[in-house]
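Q: Sequence first, predicted model second:
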Amino acid sequence: MDELIPYIYKPHPVTGITNGKFGTWLFLASEVMLFGALFSAYIMLRLGSESWPRGYQELHVAWAAFNTVVLIFSSVTIVMSWVSLKLNQFGKFRLYMGLTILCSIVFLVVKGIEYSDKFHHEHFPWTSNFFAVYFTLTGLHALHIIGGIVVNAYLMFPGSKLWKENPEQFTGRIECAGLYWHFVDLVWIFLFPTIYLL
Amino acid sequence: MSSHDAHHHSGHSHHEPGFVRKYIFSTDHKMIGIQYGLTSLCFLLFGFSLVMMMRWQLAYPGQPLPFLGKLIGETAFPGGVMAPEFYNQLGAMHGTIMVFLGIVPLAVGAFGNYLLPLQIGAGDMAFPKLNMMSYWVFFVGGVTMLCSFLMPGGAAQSGWTSYPPLSDIAPTGQTVWLLAMVFLITSSLLGSVNFIVTCIQLRVKGMSFFRMPVFTWCQLVTAFLLLLAFPPLEAASVLQLMDRLAGTSFFMPTGLVISGEQAHVAGGGNPLLWQHLFWFLAHPEVYVLILPAVGIIAEVLTTNTRKPLYGYNTLVYSIIFLGFMSFVVWAHHMFMTGMGTTLSSFFQATTMIISIPSVIIVTTFLLTLWGASIRFNVPMLFATAFLPMFAIGGLTGLPLGLTASDIYLHDTYYVIGHFHYVVAPGTIFALFAGIYHWYPKLSGRQMSEFWGKVHFWGSFVCMNGIFMPMFFVGMAGVSRRLYDMSLYAHAKSVFRLNEVMSISAWSLALFQIPFILNLFISWKKGKKVSDNPWDCTTLEWATPTPPPHGNFAHPVEAHRGPYDYAGDTQEFVPQNL
Amino acid sequence: MEQKPYGWWLPINASANNGGIDQLINLVHIFMAVLFVGWGIYLVYVLVRFRARPGHKAYAVHKHFRLPTWLEIGVAIIEVVLLVFLSSPIWFRVKKDFPPEKDSVLVRVVAEQFAWNIHYPGKDGKFGRTRPELVTGTNPIGLDRDDPDGKDDITTVNILHVPTGKPVIVYLSSKDVIHSFSLPVLRVKQDAIPGMMIPIWFEAAKTGQEFQIACAQLCGLSHYRMSGQLMIDTPEQYATWMAEQEKELAQENAGSDQTAVPADTNSPAGNTSNEGSPK
């Protein structure tokens, strides 16, 4: 396939990146538009409403702050997993990728606790627009985390066969996965203050 | 054969893939293009049939529809007469199917997929598996969309624009519409990433950006529009799904009283939020509908004038500028929503500005004809007709883009006439031109010229018969989306035009029969032609017919610009020589 | 002036203030026609002159044409003129130049599936409060008759009376979905959006009892039947009609006083004069 389609794992001389990396950046651009639209919806609804509670009045800031740290840490571990591949240390790659996935699961568990706490207090998406925004935006973000877990788990186990055949291409894939993961992290870094703190 | 080995999987011998791998789950961009083409043509036909039924009700309100009325059943046709809610379903689904299941998959999924890699000298798209997925997700989305008809309460019936609160409280068909849109948007996203990466990374040596054919430029800009404009509609669809399924109030304001009952929602939502998110996509979407057509016209016109395209650089810059501007005009669809003067002045200004590149594009094409040696084959007939038809569509956008005249013309039949001129005798004619033009590359045979001319003249007359009267119906003040306009005094003077429009629509359908037959019969019985029967310069014509897996028998390079025509049939230099 | 109010082009313009819209529409169409005919003549000419025929070759390279650039600039200038000198002034006038309330006829229009609820403030010139909880079949706008401002309010369904010679301010909203309030002969159109109250104004100049209100935004299955009656009266006719409404209202009030119904905010007020029924 590599003669049929160039620049799968060698960067293009002019753009300086591989096809996969370019594609990932484009995909992230569309994701920026997606979350941008959701944030715009949040702004429009909040500005147009008569009353809107402060995030910290209705939500657990501490849990979300903890989640923020967890997610930032997972961004570090996914970079470390890529660095490990660059240093030809496949075992360390598995370790760091595993840590990344673990952090993601912790994040989701805390999220789950948060949600059930809200339900327990009779706060549902249909209760008010504040909660509609909260559940929808964090829910969609959580779906993106789940997507990331699926991709990372695939790359850690069945997908890692490619390491033996074509280490350069496999490293490229991990880099792209990392890019996506950083984006998901970045979205949270915007979500946390705008929903929990304002 | 030995040069063929260069394109095999390195280290593996090439096994001919089985039927499923070759035709159903192919990763070859050409097969995927054909899949998109056949599927979208079927959807186009289906979407057209819906409006043919509507046209019966419009011309003969309250009259039972022959045969089909009884066939479709009592819910949709009580006593054989179309029910108003079914009319609204047909309207919403016609628009949705034509735009999202018909035109875009054909113009981008079929034409783009097949030709883009060929025109830049590549062996395939950058991500063949992603390409295959994009087709199948489209297919699932299309089937889901059709399932909207099977839901209790009927299909989506709030217009293709799905404005809430109406769409929030509509029957289940609307939920299916939203789910289908999520699939279709996903498919589009996968496709647009593929197109952009392919176009930028996989251009063959010597194929600089300003040596790319105009068709390729149009596909590239279109892909950017799809990539960046669709996500807000995806977001909006999620929000509307939440409103419908989770009882949220994103679009439901406080204090609603529906059919005498207070709405049991939290309230505080904003119907205009949907409109902003929807039109943020839907305006660039209409440029997605026209740009591939402009690309096709550029190719067909240039080939059949036997001289270089006039003003290539200007045309390319106009196309890029158009793409960029398309993101900042969306609220001209919302002038009547109570918008303030500042916002409306901004959008009025951007709308006027965006008309300039459109005028430049038409002018460039018109000037290409000067000093030409024009061959009137079937593709050229469609391409030539495109020019005045697109001009009518574009010009009638002017009184709509000016806020003061829009007060009167907004949501009247004038709007329907305006956009149909651009899409129907505009884009669809360009797509026809493209099919007749590139058919020999796929099949090695030419479609029948005679039946092509029948198809052309019949379609040209009927298209005008359908859409020209709409301007007058709209000027009389008649609103859109009316099951029966005869209840309005101002409609009475123009009511007879409905019969003209309906008969034209049914005749248009009849004139598509020679086209459909031509398409299938010529595959086996058409006149055999060479690899480059139209004597074109662009790289897709430098392949064997049909292009094999890997596309080019020998590695190609681009040594010149795309339109090195020098006056005569034999005086042209293909791009790879 | 015109024998027939409706034809194949714009209908009769019964407004005093919206003549500019017709002017703009006609001018723009003249501009469009000039462009189209110009292009059309050119197109036919080139298709004939430069058709392929034996002995005819295309120019391989041709000069840069300057005329199209000038024409392009001309088109852009005309568009700017249309925008700045015609469309914008009209638009600003319609959107911002509201007449003073004390000099105008005030009326609230509340759209619903599938009728136009018309609400006049009555002699005191003040609109009574409306609340969604009070909405019933006979009180479609939920008017609170116990509100002192609301005691003299006149409500109708699908019947809008306006006089000539005085501007009218309409406060537009909707109970359920988006509708659009359209008065074609007055060149008035405004979306009625639930959750919003949007004011518009106009002034009628020609009388007529046959004009209609149209709904210009898909609002459900009976969108096509959501027409109302627009009666443009002379000032005297309008005053007569209003006096009749007030008399009827007073009679109904007197009648309900005698039946000793307790002043309960939740009972249907029943004091609306329904000259048409909701469809």
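A: Here it is on my side, so go on.

Q: now the helices for the stretch 51-200 of chain C?
A: Counting by DSSP state H, counting those that start in this stretch, the stretch 51-200 of chain C has these helices, from start to end: C:67-81, C:88-96.

Q: same thing with the stretch 351-500 of chain B?
A: In chain order, the stretch 351-500 of chain B shows helices spanning B:378-395, B:398-401, B:403-409, B:413-422, B:429-443, B:449-475, B:489-492, B:497-525, with DSSP H, counting those that start in this stretch as the criterion.

Q: so which of the helices of the stretch 51-200 of chain C comes closest to chain A?
A: helix C:88-96 (20.0 Å; C-beta to the nearest C-beta). Every residue, glycine included, has its C-beta placed from N, CA and C.

Q: Would you convert the helices of the stretch 351-500 of chain B into CSV that also reports mean pLDDT and mean neighbour count?
A: What follows is the helices of the stretch 351-500 of chain B, written out as CSV (pLDDT from 0 to 100; neighbours: other C-beta atoms under 10 Å in any protein chain shown):
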stretch, mean pLDDT, mean neighbour count
helix B:378-395, 97, 24
helix B:398-401, 96, 23
helix B:403-409, 96, 26
helix B:413-422, 98, 23
helix B:429-443, 97, 24
helix B:449-475, 98, 20
helix B:489-492, 93, 20
helix B:497-525, 97, 16
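
Q: that older thread, looking at the helices of the stretch 51-200 of chain C, which one has the lowest mean pLDDT?
A: Across the helices of the stretch 51-200 of chain C, the stretch with the lowest average pLDDT is helix C:67-81; it has a mean of 91.

Q: For it, list every residue counted as buried.
A: Of the residues in helix C:67-81, those buried by neighbour count under the rule 16 or more other C-beta atoms under 10 Å in any protein chain shown are C:68, C:71, C:75, C:78-79.

Q: now do stretch A:97-113
A: Buried residues in stretch A:97-113, defined by neighbour count with 16+ other C-beta under 10 Å: A:97, A:99-101, A:103-104, A:106-107, A:110-111.

Q: and if you look at stretch B:141-157?
A: Of the residues in stretch B:141-157, those with enough neighbours to count as buried (16+ other C-beta under 10 Å) are B:141-142, B:144-146, B:148-149, B:151, B:154-157.

Q: likewise stretch B:114-133?
A: Counting neighbours by 16+ other C-beta under 10 Å, stretch B:114-133 gives B:114-128, B:130-133 as buried.

Q: returning to what we had before: just the buried residues of stretch A:97-113 now: which is nearest residue B:441?
A: Within these, distances to residue B:441 taken as C-beta to C-beta reach their minimum at residue A:97, with 46.5 Å.

Q: How about whichever residue of the stretch 151-300 of chain B sits closest to chain C: what's its closest non-neighbour residue?
A: Of all residues in the stretch 151-300 of chain B, the one sitting closest to chain C is residue B:253 (2.4 Å; C-beta to the nearest C-beta). Leaving aside its chain neighbours, residue B:253 sits nearest to residue C:195 (2.4 Å; criterion: C-beta to C-beta, 6 or more residues apart in numbering or on different chains).

Q: Would you map out the domains in chain C?
A: Per the record's domain assignment (automatic domain parsing), chain C is made up of the domains C:19-53+C:61-96, C:101-258.

Q: packing partners for the helix or strand bottoming out on mean pLDDT in chain A?
A: Every helix and strand of chain A was ranked by mean pLDDT, DSSP states H and E. The lowest is helix A:162-165, at a mean of 92. Using 3 or more C-beta pairs under 8 Å, 6 or more residues apart in numbering or on different chains; DSSP states H and E as the contact definition, the elements that helix A:162-165 packs against are helix A:167-191.

Q: The helix it packs on close to chain B?
A: No. Helix A:167-191 is not in contact with chain B by C-beta under 8 Å from any C-beta of the partner chain; minimum separation 11.8 Å.

Q: so what's residue C:266 scoring on pLDDT?
A: The per-residue confidence score, pLDDT, reads 40 for residue C:266.

Q: Ok, residue C:5 next?
A: For residue C:5, the pLDDT comes out at 80.
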